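In: Attaching a predicted model along with its sequence, questions to come.
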Amino acid sequence: MENKRIPFEQLPITDRFMFAMVFSHKEIAKPFLEAVLGIKIHELRDPEPEKTVEVSPFYKGIRYDVFVKETGPGGETLRSFDIEMQMEDTKEIPKRTRYYQAMCDSESLNKGEVYYNLKELYIMFLCPEDIFGQGKAVYRFKNLDVDNPEIELGDLCFKNFYIFNKYRDVAEKSIREYMEYFATRKPSSPETKKIDRMVKWYQTDNETRKRYMTWQQEIDIAVDQERQRANDAEKRFFEARDRANDAERRYFEAKDRADEIQKQADAAEARADKIQKQADAEKARADKYEKMLRDLGKL
């Protein structure tokens with residue numbers, strides 16, 4: 001069943017395209033990251049909306065909603081951030097973060113570079129509903145020792161989930177204001193009002209409308225291709241199942257024939273044994289009479 005298409009002039013901040021466009025501005029992304037992560041950012045490179053990463057034509061690529069790097073005074077990378085607006089619980093989001101981390105890290109080091117040079121990575125998902133079902137508004141994950149959680153792995157990768165429909169449960173005002181805006185689309189702070197103004201500007205911009213139409217066509221093509229791949233895979237599955245069923249049928253037919261042949265062979269062997277016994281008995285009787293005739297001098 002297809003989702004109802006929202007008119008371009010009504011696209012909300014929670015639409016993936018609109019979110020990527022608005023947060024591709026570092027004056028929007030920087031205060032947001034500082035607020036929700038509680039960090040101070042030196043400088044952001046221009047965020048990359050809808051950044052696509054493919055390491056091989058044979059493996060699954062990814063498309064970030066917004067990917068941005070923090071740079072230091074010398075232009076060196078200090079931290080990386082992936083910000084995802086995820087409106088649907090696809091039941092595999094935690095594993096997506098695992099794959100996103102791997103793809104991001106694969107781009108972070110040049111050939112021969114040491115792993116020590118890997119920088120902090122934050123993967124952030126903004127979701128309307130609690131995908132973990134534990135009643136929290138914010139989930140923050142990092143790798144810890146199972147037996148002693150005081151010991152951190154130290155891989156510098158952090159995965160955070162913000163359940164914005166539960167904004168009332170957030171104590172930190174700076175985080176709550178952003179989450180409230182995502183949930184209600186009503187700005188209540190200078191930062192969210194700035195976001196809202198940018199959303200309204202994009203909704204009336206003809207160049208953005210053209211870009212959205214192109215983006216939507218790409219999405220539709222990708223969906224059609226994925227649906228075709230799924231149909232092809234389903235077809236191959238049923239063909240393989242039919243071949244397996246046919247092979248199984250032939251096997252049991254051959255087994256039944258072999259069993260029948262074995263049964264016939266066993267019967268023939270039994271008859272041969274019976275005839276051999278009869279022959280042995282006849283020979284013994286003949287030997288007996290021959291001996292009697294010898295004893296009587298008849299032979």
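Out: Sure thing, it's come through. Numbering: from 1, shown residues only.
In: Secondary structure element for Phe161, which one?
Out: Counting by DSSP states H and E, the element that carries Phe161 is strand 157-163.
In: I should have written Glu234 there, sorry.
Out: Secondary structure assigned from DSSP H and E places Glu234 in helix 206-295.
In: If you count contacts, what does that helix end up packed against?
Out: Counting by 3 or more CB pairs under 8 Å, 6 or more residues apart in numbering; DSSP states H and E, the packing neighbours recorded for helix 206-295 are helix 16-23. Just so you know, the C-beta spots here come from the backbone N, C-alpha and C atoms, and that holds for glycine as well.
In: Now the helix it packs on: average pLDDT?
Out: Mean pLDDT, computed over helix 16-23, is 94.
In: got the contact list for it?
Out: If you take CB atoms under 8 Å, 6 or more residues apart in numbering as the criterion, helix 16-23 is touched by 11-13, 28-29, 32, 47, 49-50, 65-66, 83, 85, 87, 195, 198-199, 202, 208, 212, 215-216.
In: What's the first helix or strand after that helix?
Out: Using DSSP H and E, the next helix or strand after helix 16-23 towards the C-terminus is helix 26-37.
In: what sits up against that next one?
Out: 22-23, 39-41, 44-47, 66, 68, 81, 83, 122, 124, 160, 162, 172, 174-175, 177-178, 191, 194-195, 198.
In: Among those, name the buried ones.
Out: Neighbour counting with 16 or more other CB atoms under 10 Å marks 22-23, 41, 44, 47, 66, 68, 81, 83, 122, 124, 160, 162, 175, 177-178, 191, 194-195, 198 as buried within those.
In: Quick one: neighbours of Met87, just the number.
Out: Met87 has 15 neighbouring residues, counting by other CB atoms under 10 Å.
In: so it touches Phe125, yeah?
Out: No: counting by CB atoms under 8 Å, Met87 stays clear of Phe125, with 10.6 Å between them.
In: Which residue comes closest to Thr204 once chain neighbours are left out?
Out: The spatial neighbour of Thr204 that comes closest, neighbours along the chain excluded (CB to CB, 6 or more residues apart in numbering), is Glu9 at 7.0 Å.
In: quick one, phi psi at the one you found?
Out: Here the main-chain torsion angles of Glu9 (degrees, to the nearest 10) amount to phi -70, psi 0.
In: State the pLDDT value of it.
Out: What the model reports for Glu9 is a pLDDT of 93.
In: cool, Tyr202 as well?
Out: As predicted, Tyr202 sits at a pLDDT of 96.
In: got it, and Asn3?
Out: On the pLDDT scale, Asn3 gets 52.
In: just Ala222 next, same as before
Out: 69.
In: Next: Arg285.
Out: 88.
In: What is the burial count for it?
Out: Neighbour count of Arg285, defined by other CB under 10 Å: 10.
In: Take the buried ones among the contacts of helix 26-37 and keep only those in strands.
Out: With strands taken from DSSP state E, the overlap with the buried ones among the contacts of helix 26-37 comprises 44, 66, 68, 81, 83, 122, 124, 160, 162.
In: Now Asp65. Its backbone dihedrals?
Out: Note on Asp65: backbone dihedrals following degrees, to the nearest 10 are phi -70, psi -60.
In: from memory it sits against Phe81, does it?
Out: No: Asp65 lies out of contact with Phe81 (CB under 8 Å); the separation is 11.0 Å.
In: Residue ranges in the protein under the pLDDT threshold?
Out: Within the chain, the set of residues satisfying pLDDT under 70 comprises 1-4, 50-59, 61-62, 222, 299.
In: Spell out the residue ranges of the helices in the stretch 51-200 of the chain.
Out: Taking DSSP state H, counting those that start in this stretch, the helices of the stretch 51-200 of the chain run over residues 93-108, 173-184, 190-204.
In: How about residues contacting the last one?
Out: The contact list for helix 190-204, computed with CB under 8 Å, 6+ apart, reads 8-13, 18, 21-22, 25, 27-28, 31-32, 35, 177-178, 180-181, 185, 187, 208.
In: Okay then, goodbye and thanks.
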